[in-house]
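*Asks:* Fold the following, please.
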Amino acid sequence: MSCRSGGSFEDRLMRAVILLIWSLAFLSCRKNASLNADPARPQRSKKSNTASAVTDSGMKVQADKLLTSSEIESATGEPAKQAVTSARTEAGFAISQCYFQTATPAKSVVITVTSRGPGPDAKEPRQFWADKFHGEGSEEKD
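*Replies:* Next up is the predicted model:
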């Protein structure tokens with residue numbers, strides 16, 4: 001006997017991913033009056049300076065600039081102690097990632113920003129998503 005109270009596992013997983021993306025977008029877009037003078041910014045890793053991936057338009061994407069330590073503390077209950085950043089271009093995408101380390105590892109936050117990469121093999125993430133998850137043959141079966 002199957003229970004379809006919340007839809008299929010894939011539907012629930014997709015809803016959870018979309019909710020996470022919207023939550024991160026909301027947090028990153030939220031205006032913070034003390035954003036420019038925030039003394040609570042996490043320390044940067046000594047391994048890496050602020051890493052950024054360059055998109056085809058020349059824009060640098062810096063994932064570590066999207067959240068402050070106070071925003072992380074508001075969401076997790078702990079401030080970020082350190083931010084470890086990385087950036088790369090891969091498979092036509094520019095990818096910037098930041099790991100905000102907290103005292104409790106399970107409460108640490110990772111944010112990844114994927115955008116169109118540079119060069120002739122550049123891909124649009126939105127189009128890739130549509131092709132991958134909504135392309136031919138991926139219609140739901142009843």
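
*Asks:* Now do the helices in the chain.
*Replies:* 9-29, 69-76, 125-134 (DSSP state H).

*Asks:* Okay, the closest residue to residue 82 other than its chain neighbours and residue 129: tell me how far apart.
*Replies:* Spatially, and ignoring its direct neighbours in sequence, residue 82 is nearest to residue 101 (4.5 Å; Cβ to Cβ, 6 or more residues apart in numbering). For the C-beta atoms, the positions are set from N, CA and C on the backbone; glycine is no exception. The gap separating residue 101 from residue 129 is 29 Å, by Cβ to Cβ, to the nearest Å.

*Asks:* Those two - which one has more neighbours?
*Replies:* residue 101 (20 against 12; other Cβ atoms under 10 Å).

*Asks:* so what's that one up against?
*Replies:* 42, 80, 81, 82, 83, 84, 108 (Cβ atoms under 8 Å, 6 or more residues apart in numbering).

*Asks:* cutoff 7 Å now
*Replies:* 80, 81, 82, 84, 108 (Cβ atoms under 7 Å, 6 or more residues apart in numbering).

*Asks:* again with residue 112
*Replies:* Contacts of residue 112 by Cβ under 7 Å, 6+ apart are 63, 95, 97.
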